[in-house]
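# Everything below, folded, please.
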Amino acid sequence: MTLSNQFFDAHPSLRFTVAIENLMIAAFTEFQLPTIEVKTESITEGGQNTYVHQLPVRVESATTLTLRHGIAHSQDLLAWYSQVLNGQMADAIRQVTVAMYGEDHQPLMIWNFRDAYPTKWVGPTLKSSDSAVLIEELTLVHHGFSVE
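The predicted structure follows:
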């Protein structure tokens, strides 16, 4: 059984896995992608009264991504966040891969985020009956991404 199957067996709604430097460490039920927007400048043209020209100026991209309602089977994610808390930024900046899986547990889409590190960790309410490490919300900053 692969690590991703262990996550899927834990709960059927876990559809997003997170790998840091190709080591799968957690699975989540929600993934909020960064926003990408093209900023425009309005230009009015004399004699043209039916519309205003909208010219592209620059592309703005939010550099954060958010994962919600997650589960991890190790302390690797928390150890990574601890590096940021302790000011070890050079060691904390990593390649992060988020994969989205279908119901058949096959990857549908994969996002690769460059130079990423965690900026926010929201922990769960712990229960003595749970054996997994739960993550309510994890926010990461990145410096560009690609999609496979």
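# which strands and helices sit next to whichever helix in the chain runs longest?
Across the chain, the longest stretch assigned as helix under DSSP state H is helix 76-85. Under the contact criterion of 3 or more CB pairs under 8 Å, 6 or more residues apart in numbering; DSSP states H and E, helix 76-85 touches strand 16-20, strand 23-32, helix 89-92, strand 107-122, strand 133-141. Using the backbone N, CA and C atoms, a C-beta is placed for each residue, glycine as well.
# The shortest one packs against which elements?
Applying 3+ CB pairs under 8 Å, 6+ apart, one finds that helix 89-92 contacts helix 76-85, strand 107-122.
# Go through the shortest one and flag the buried ones.
By 16 or more other CB atoms under 10 Å, the buried positions in helix 76-85 come out as Leu77, Leu78, Trp80, Tyr81, Gln83, Val84.
# How about the last one?
Residues of strand 107-122 classed as buried: Trp111, Asn112, Phe113, Ala116, Tyr117, Pro118, Trp121 (neighbour count, 16+ other CB under 10 Å).
# Sheet partners, orientation included, of that strand?
Using DSSP bridges, strand 107-122 pairs in its sheet with strand 94-101 (antiparallel), strand 133-141 (antiparallel), strand 145-147 (antiparallel).
# So for Ile71, which of the ones you listed sits nearest?
Smallest distance to Ile71 across the strands paired with strand 107-122 (CB to CB): 5.8 Å, for strand 133-141.
# which other residues reach that closest one?
Strand 133-141 has contacts (CB atoms under 8 Å, 6 or more residues apart in numbering) with 18, 26, 28, 63-75, 77-78, 96, 113, 116-124, 126.
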